[in-house]
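Asks: Give me a model of this one.
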Amino acid sequence: MAAPRNSAADYAGVLRKLLPRGRVWTREDDTTQAAVLDALCVTAEALDGAALTLIEAAFPGTVTDFLPEWEATLGLPDPCTGSNPSTQQRRAQVVARLTNAGGQNAAFYIEYAAALGYQITVTNYAPFRAGQSRCGQQLGTQDWFFTWSINAPQTTVTQFAAGQSAAGDPLATWGNAVLECEMRALAPAHTVLQFHYS
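Replies: Numbering: from 1, shown residues only. Sure, this is the predicted structure:
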């Protein structure tokens, strides 16, 4: 949510209230002194807006004007971004990349996918072992130690959202291409990653 911005009239009203008492310091709206205060406060309004824009740029989760700068810092867009991402998807990818602290467990991949806007579960596999495995489990080979899968809905839909999307964004985007690309980029090189959709 954007921070409230103060108008020139807000600043002029405050300055009028801060004037000293006396005949010279009139608080009337139709005086030369009031016109000077109004003119000075236009600059204060512009500075206020510029400062808040910079503050918003410091938080990539709310950024609008500086989104391309954040993307350039992170090497985005890249092949994982997709062909025509919405502002909401671009912002989510920036936040996911910035907050990525690394990891190789299921919780890490689930959190990273959630930052991208996907709800997943992770399945780890192991070969069948007598005394540990149960009847009905797959046998597998030693390679099963290095195989894991991401389970996600068949199609993930990202809806246009007021305050998060921008003019020109589609009303909805769907698919799991970004999820697959990002997860493949994060997967350890010695593992085999599979995707299962339901």
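
Asks: Provide the strand pairings for the strand or helix carrying Thr158, with the direction of each partner.
Replies: Using DSSP states H and E, Thr158 maps to strand 157-159. Applying DSSP bridges, strand 157-159 is found paired with strand 172-174 (antiparallel).

Asks: The strand it pairs with: how far from the chain's middle?
Replies: Put simply, strand 172-174 sits 16 Å off its chain's centre (Cα atoms, centre = their mean, to the nearest Å).

Asks: residues making contact with that strand?
Replies: Pro85, Ser86, Gln89, Thr155, Thr156, Val157, Thr158, Gln159, Phe160 (Cβ atoms under 8 Å, 6 or more residues apart in numbering). Every C-beta, even on glycine, is put in place using the N, C-alpha and C of the backbone.

Asks: how deep is the first one tucked in, by neighbour count?
Replies: Pro85 has 20 neighbours, counted by other Cβ atoms under 10 Å.

Asks: Touching, it and Arg91? I think so.
Replies: No - checked against Cβ atoms under 8 Å, the pair Pro85 and Arg91 is beyond contact range at 9.5 Å.

Asks: quick one: Ala172 and Trp144, what's the gap?
Replies: Ala172 is 38 Å from Trp144, where distance means Cβ to Cβ, to the nearest Å.

Asks: If you count surrounding residues, which of the two has more?
Replies: Set Ala172 next to Trp144 and count neighbours by other Cβ under 10 Å: Trp144 wins out with 16 against 10.

Asks: Would you quantify the distance from Ala96 to Pro127?
Replies: With Cβ to Cβ as the criterion, Ala96 and Pro127 are 33 Å apart.

Asks: mind listing what Asn100 touches?
Replies: Taking Cβ under 8 Å, 6+ apart, one finds Tyr112, Leu186 in contact with Asn100.

Asks: What's the end-to-end length of stretch 165-180?
Replies: Start-to-end span of stretch 165-180 (Cα to Cα, to the nearest Å) is 23 Å.

Asks: again with stretch 177-196
Replies: Here the two ends of stretch 177-196 are set 13 Å apart, with distance taken as Cα to Cα.

Asks: Now for Ala107, how many residues are close by?
Replies: A count of neighbours around Ala107, defined by other Cβ under 10 Å, yields 9.

Asks: I meant Thr156, not that one.
Replies: 20.

Asks: you'd agree it is up against Tyr197?
Replies: No - using Cβ under 8 Å, Thr156 makes no contact with Tyr197, being 9.5 Å away.

Asks: list residues touching both of these two?
Replies: Asn176.

Asks: ok so, going back, for Ala96 and Pro127, work out which one has more neighbours and name it.
Replies: Ala96 (21 against 16).

Asks: host element of the more buried one?
Replies: Using DSSP H and E, Ala96 maps to helix 87-99.

Asks: Quick one: mean pLDDT over the helix or strand following that helix.
Replies: Sequence order places helix 106-116 as the next helix or strand after helix 87-99, per DSSP H and E. Average pLDDT, helix 106-116: 93.

Asks: Only alpha carbons, please: show helix 106-116 as CSV.
Replies: What follows is helix 106-116, C-alpha atoms only, in CSV (Å, rounded to 0.1, in the frame of the first residue of the first chain):
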residue,chain,number,x,y,z
ALA,A,106,11.6,-29.1,0.9
ALA,A,107,10.7,-26.1,3.1
PHE,A,108,13.1,-23.9,1.1
TYR,A,109,11.5,-24.8,-2.3
ILE,A,110,8.0,-24.5,-0.9
GLU,A,111,8.7,-21.0,0.4
TYR,A,112,10.5,-19.9,-2.8
ALA,A,113,7.6,-21.1,-4.9
ALA,A,114,5.1,-19.3,-2.6
ALA,A,115,7.1,-16.1,-3.1
LEU,A,116,6.6,-16.6,-6.8
